[in-house]
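S.K.: next one to model:
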Amino acid sequence: MPHSDQIHASWEQNAAAWTTAVREGLIASRRAGTDAAIVDACRPHATGSVLDVGCGEGWLARALGAAGGSVTGIDASAPLIDTARAAGGARYEVAGYADLVANPHRLSGPWGLIVANFALLDEEQVPLLRALGERLAPTGRLLVQTVHPWVAAGDGAYQDGWRTETFAAFPVPFPAQMPWYFRTLARWLRDIDQAGLRLCRLEEPAHPETGRPLSLLLALKRGEEGAPRSGPQP
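M.R.: Numbering: from 1, shown residues only. Purely as a prediction, here's the structure:
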């Protein structure tokens, strides 16, 4: 089974466990700062149209809706979308990433803010990043929060490649393991460049006690004709 299908299958099976872990605050890194980091990063752009890509059970969509945004959350997992709809606070649709790439009219926006919070897990993400960039309003932003590669590498080699999340460290049992693609920082920057996007800001939310990075947070915008193809842009 292709990795992308395995990722989708895992979220179908793990929907209930994930919802419990998120809603009961059982994920230590989220309590320590990643939830607050993405909300704070979204806040300046969240008063208009917002697309939450890979929204899961909807916690971020609800938070941004409460902040005044007109929010649509999408996820390929129908069980997670059903759970999100039951909680309300935003509009939700079942939509896979391949749908966005193949059909430019699907959720075409333009969106003032698109956010992908720990939601980019596959190897071939350049087409998706490009498709999301094309859906941004001219002054819109795409915010991506992901694992920090210098920490997520662990004891393994610091090189791009597939890894497996067993969820063994979670305090609730998860029925299925999940493959995910590890990216070095250099790979992230190459993917952004190849997608025709520009890096506005890079942040490294840190643990308040240890000072170790909890995540990597990237603020991106649409590329401009003739603009430099590397380095942060205002």
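
S.K.: phi, psi for residue 73 please.
M.R.: phi -110, psi 140 (degrees, to the nearest 10).

S.K.: what's the answer for residue 91, then?
M.R.: phi -100, psi 140.

S.K.: ok, it to residue 115 distance?
M.R.: According to Cβ to Cβ, to the nearest Å, residue 91 and residue 115 sit 15 Å apart. Glycine gets a C-beta too; all of them are placed from N, C-alpha and C.

S.K.: what lines up beside the longest strand along the chain in the sheet?
M.R.: Secondary structure of the chain read by DSSP state E shows that its longest strand is strand 136-146. Applying DSSP bridges to the sheet, strand 136-146 is found paired with strand 111-117 (parallel), strand 216-222 (antiparallel).

S.K.: show me how far that strand is from its chain's centre.
M.R.: Relative to its chain's centre, strand 136-146 lies at 11 Å (Cα atoms, centre = their mean, to the nearest Å).

S.K.: let me know the average pLDDT across it.
M.R.: For strand 136-146, the per-residue pLDDT values average out at 97.

S.K.: pull the residues that contact that strand.
M.R.: Contacts to strand 136-146, defined as Cβ atoms under 8 Å, 6 or more residues apart in numbering, come from residues 34, 37-38, 41-42, 45, 48-49, 109-118, 120, 129, 132-133, 183, 188, 197, 200, 215-222.

S.K.: and it, which residues are buried?
M.R.: 136, 137, 140, 141, 142, 143, 144, 145, 146 (16 or more other Cβ atoms under 10 Å).

S.K.: who are the packing partners of the helix or strand hosting residue 50?
M.R.: In this assignment (DSSP states H and E), residue 50 forms part of strand 49-53. Where contact means 3 or more Cβ pairs under 8 Å, 6 or more residues apart in numbering; DSSP states H and E, strand 49-53 is packed against helix 59-66, strand 70-75, strand 111-117.

S.K.: now these in TSV, with mean pLDDT and mean neighbour count?
M.R.: TSV is the format used below for these (pLDDT from 0 to 100; neighbours: other Cβ atoms under 10 Å):
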stretch	mean pLDDT	mean neighbour count
helix 59-66	97	22
strand 70-75	98	24
strand 111-117	98	25
